[in-house]
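Participant: Let's see this in three dimensions:
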Amino acid sequence: MLKQVHNKLFARGGDTILPALYMLRNGLHCGQPHLAPRSFFGVEDFLDDNNSRPYTYQKEKKSKNPNKHVSFKQRTVAYMEPFTLDVFISKRFVSASITHRVTSKQVAVAGTNSKDIKAALKSRSDIPACLSVGKILSERAREADVYTASYTPRDRDKFEGKIRAVVQSLIDNGIDIKVYLD
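Facilitator: Okay, here's the model as predicted:
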């Protein structure tokens, strides 16, 4: 058996060795050496589970149970409450937007970085700035015929202070906001 391998490796004569991959006898190809080109990095190209592309991994999480029951509420909440409020507050500015869940389109956007608001404010990240962002966002949402939205704070956000000021300003100016606190 080693003589066959030696003959296959030195097939062209001389001392040049061709890169080869040796398979065991009880494996797939009955112990025949296979000439296999090596990749650029010296590692064979292994394919993923789907055998589609080398070295690619799926980013989305696969459900552990693909037959898992999805409740009626989980399937219909995006259609029953189609608009969501997103509030972002940093040390320098405040921005808020109302987004349609199904199409992922932003219906109304307001922030203290925009030129029309920036000139009128003393500070871009205090409570009066949050109130003005809420007022302008409510006007733009009413222009787009949006009168209700839902808001779920992020895990790191608390529903108090500046975030509460933006939401309260929206409610005071005619937009009905449903706040979901976990």
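Participant: So, low pLDDT: which residues of this protein?
Facilitator: 1-63, 182 (pLDDT under 70).
Participant: Which helix runs longest in it?
Facilitator: In the chain, with assignment by DSSP state H, the single longest helix is helix 127-143.
Participant: and the nearest residue to Thr148 once chain neighbours are set aside, how many neighbours?
Facilitator: Leaving aside its sequence neighbours, Thr148 sits nearest to Asp176 (Cβ to Cβ, 6 or more residues apart in numbering; 4.5 Å). The way it works is simple: take the backbone N, C-alpha and C, and place the C-beta from them, glycine included. Summarising burial for Asp176: neighbours were counted as other Cβ atoms under 10 Å, giving 11.
Participant: Could you check how far Phe93 is from Tyr151?
Facilitator: Phe93 is 19 Å from Tyr151, where distance means Cβ to Cβ, to the nearest Å.
Participant: Oops, could you answer that again for Ala141 instead?
Facilitator: As defined by Cβ to Cβ, Ala141 lies at a distance of 13 Å from Tyr151.
Participant: Comparing these two, which shows the higher neighbour count?
Facilitator: Using other Cβ under 10 Å, the more surrounded residue of Ala141 and Tyr151 is Ala141, with 25 against 21.
Participant: Name the helix or strand for the closest residue to the more buried one other than its chain neighbours, please.
Facilitator: The shortest distance from Ala141 to any residue other than its chain neighbours is 4.2 Å, reached at Ala108 (Cβ to Cβ, 6+ apart). Element membership of Ala108, judged by DSSP states H and E, is strand 106-111.
Participant: and the closest residue to Asn113 other than its chain neighbours, what does it touch?
Facilitator: Spatially, and ignoring its direct neighbours in sequence, Asn113 is nearest to Phe93 (5.0 Å; Cβ to Cβ, 6+ apart). Listed by Cβ atoms under 8 Å, 6 or more residues apart in numbering, the contact set of Phe93 reads 111-113, 124-125.
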